[in-house]
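In: all I have is the shape, not the residue letters:
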Ligand code: FAD
Ligand code: FES
Ligand code: MG
C-alpha cells in the first residue's frame, strides 16, 4: 500500500497528490506512468508520473475527476493509502538536444507535459510551452511550467486568461512569426493532439503525442490500449505512450476510447447514488483504507 503524503486542489476537480512510492521514484523517467488500484474490487487506471522525489521516496500524480475511480480517489486524504501502484510503465520519452522544442499541454495534459519539459530543458533545448484550457480556473501548473521553460504562452477558449483561442492558435502564431521549431510534443485530449498534428504536418515539424487510450493491465497482455500507427497495431502501454503524431489514426483511437461511455456513466451514477459507499460492507474508501492500514507493512509498497 502507498500512503498519501500530500494532497491539494489545483483547479476545479483537479488534484495534486504526493504518494509514497520509493522504488518507482528511484527508477521513473520522463514520459512514464503507473497503474493504480484503489481497493481490492477496483479497476486499475493509468496515471502519468508528473514528478518524483527519490530522496523523499515519493511520486507526484495530478488527477482530474472524470468518473468513478478518479472521483473515489478524490475522497482520500493525506495519511490514507492507495491499495497498489505498479510502475514505472511505458517507454520513457526520447530526450536529446534538438534545438527548439514546443511543449503543448491541453487541460490535464499539462501535468504529463511537465516532466518532459524539464528533461528537454536539462538536455539543452530551448523550451517554449503552450498551456491551454477552457478558462482561467482550469489552467494548472503555470509556475512549474515557467520554471521548466524559456517562454510560456497561455491560451483559453473564452479569453479569461492569456490569449483567446486554442493551443493551435498559439502554435500557428509561433510558426507565422518565424520561430524555428525543431520538435513539438503535444499532450491533451485526443482531438487537440489530432489538430496539433494536422497543423504541423505541412511544415514537416516532428510531432510527438502521448496517447491516453483505455488500459486494463498496462503490460501488453490485454490488447485494450491497441491503436493504429501507420496502419499497424501497436499497444500504447508497452510501445508508447508516445508516438509520432503524423502516424496516429486518431479517429480510430477516439472511437475505441468512447466504447464504454454508457457503462462508465452508469457506474459513476450508482456510486454517487450510494453516497460514495463501496464494497459488501457498504463503507467508504477512506474508512476501508484506515481499517487496512496495518496490513500495509506486510503487503508493502510499490511494484516494479
Ligand atoms: P471513467 O468514467 O471510468 O472513464 C472516463 C473516461 O476516461 C473514459 O471515457 C475513457 O476515455 C477514460 N478511461 C476510462 N477508463 C480508463 C482506463 N482504464 N484507462 C485509460 N483511460 C480510461 N488522467 C489524469 O487525470 N492524470 C494523468 O496523469 C493521466 N495520465 C494518463 C496516462 C496514460 C498513459 C493514460 C492512458 C491515461 C491517463 N489519464 C490520466 C487518464 C485516466 O487514466 C482516466 O481519466 C481514468 O482512467 C478515468 O477513470 P474513471 O473511472 O475516473 O472514469
Ligand atoms: Fe493491456 Fe496495453 S493495457 S495491452
Ligand atoms: Mg472507470
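Out: Alright, I've got the coordinates. Small disclaimer: the values here were computed from a predicted structure and weren't measured. Ligands and ions are numbered 1, 2, ... in the order given.

In: which residues does residue 45 bridge with?
Out: Beta-bridge pairing of residue 45 under DSSP bridges involves residue 36.

In: for residue 33, see how far away it is.
Out: Distance, residue 45 to residue 33, by Cβ to Cβ, to the nearest Å: 10 Å. Where you see a C-beta, it was placed from the backbone N, CA and C, and this is true even at glycine.

In: comparing the two, which shows the higher neighbour count?
Out: Here residue 45 and residue 33 are compared on neighbour count by other Cβ atoms under 10 Å; more neighbours surround residue 33, at 27 against 21.

In: now the more buried one: how far from residue 24?
Out: For residue 33, the distance to residue 24 equals 10 Å [Cβ to Cβ].

In: mutual contacts of the two, please.
Out: Counting by Cβ atoms under 8 Å, 6 or more residues apart in numbering, the common neighbours of residue 33 and residue 24 are 49, 87, 88.

In: just the closest of these to residue 226, please.
Out: Using Cβ to Cβ, residue 87 comes nearest to residue 226 of these, at 20.4 Å.

In: chain center to stretch 94-111, what's the gap?
Out: Distance, stretch centre to chain centre, for stretch 94-111: 13 Å (Cα atoms, centre = their mean, to the nearest Å).

In: tell me how far the ends of that stretch are from each other?
Out: Stretch 94-111 stretches 18 Å from its first residue to its last (Cα to Cα, to the nearest Å).

In: in that stretch, what's buried?
Out: Neighbour-count burial for stretch 94-111, counted by 16 or more other Cβ atoms under 10 Å, picks out 95, 98, 100-111.

In: can you tell me which residues in this protein are near ligand 3?
Out: Counting by Cβ under 5 Å from the ion, the residues of the chain lying close to ligand 3 are 67, 68, 69.

In: want to throw the residues you listed into TSV with pLDDT, distance to ligand 2 and secondary structure?
Out: Listed next are the residues of the chain next to ligand 3 as TSV, based on pLDDT from 0 to 100; distance: Cβ to the nearest ligand atom, whole Å; DSSP: H, G, I helix; E, B strand; the rest coil:
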residue	pLDDT	distance to ligand 2	secondary structure
67	95	17	coil
68	94	19	helix
69	95	15	helix
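
In: now neighbour count too, for these, in a markdown table please.
Out: Supplementary listing: the residues of the chain next to ligand 3 in a markdown table, determined by neighbours: other Cβ atoms under 10 Å:
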| residue | neighbour count |
| --- | --- |
| 67 | 17 |
| 68 | 23 |
| 69 | 23 |
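
In: which one of those residues sits closest to ligand 1?
Out: The shortest distance between ligand 1 and any of those, using Cβ to the nearest ligand atom, involves residue 67 and amounts to 1.9 Å.

In: wait, that closest one sits on residue 270?
Out: No: taking Cβ atoms under 8 Å as the contact criterion, residue 67 and residue 270 are not neighbours in contact, 11.7 Å apart.

In: name the SS class of residue 171, please.
Out: When states are read from DSSP: H, G, I helix; E, B strand; the rest coil, the local structure at residue 171 comes out as helix.

In: and it, what does it touch?
Out: With contact taken as Cβ under 8 Å, 6+ apart, residue 171 is in contact with 102, 104, 130, 184, 196, 199, 200.

In: take the residues you listed and keep only those in helices.
Out: Judged by DSSP state H, these include 196, 199, 200 as members of helices.

In: roughly how far does the second one sit from ligand 1?
Out: Shown here: residue 199 relative to ligand 1, a distance of 23 Å by Cβ to the nearest ligand atom, to the nearest Å.

In: please name the nearest non-neighbouring residue to that residue.
Out: With sequence-adjacent residues excluded and distances taken as Cβ to Cβ, 6 or more residues apart in numbering, residue 199 is closest to residue 168, at 5.3 Å.

In: do the same with the first one
Out: Counting by Cβ to Cβ, 6+ apart, residue 196 lies nearest to residue 186, which is 4.1 Å off, once chain neighbours are set aside.
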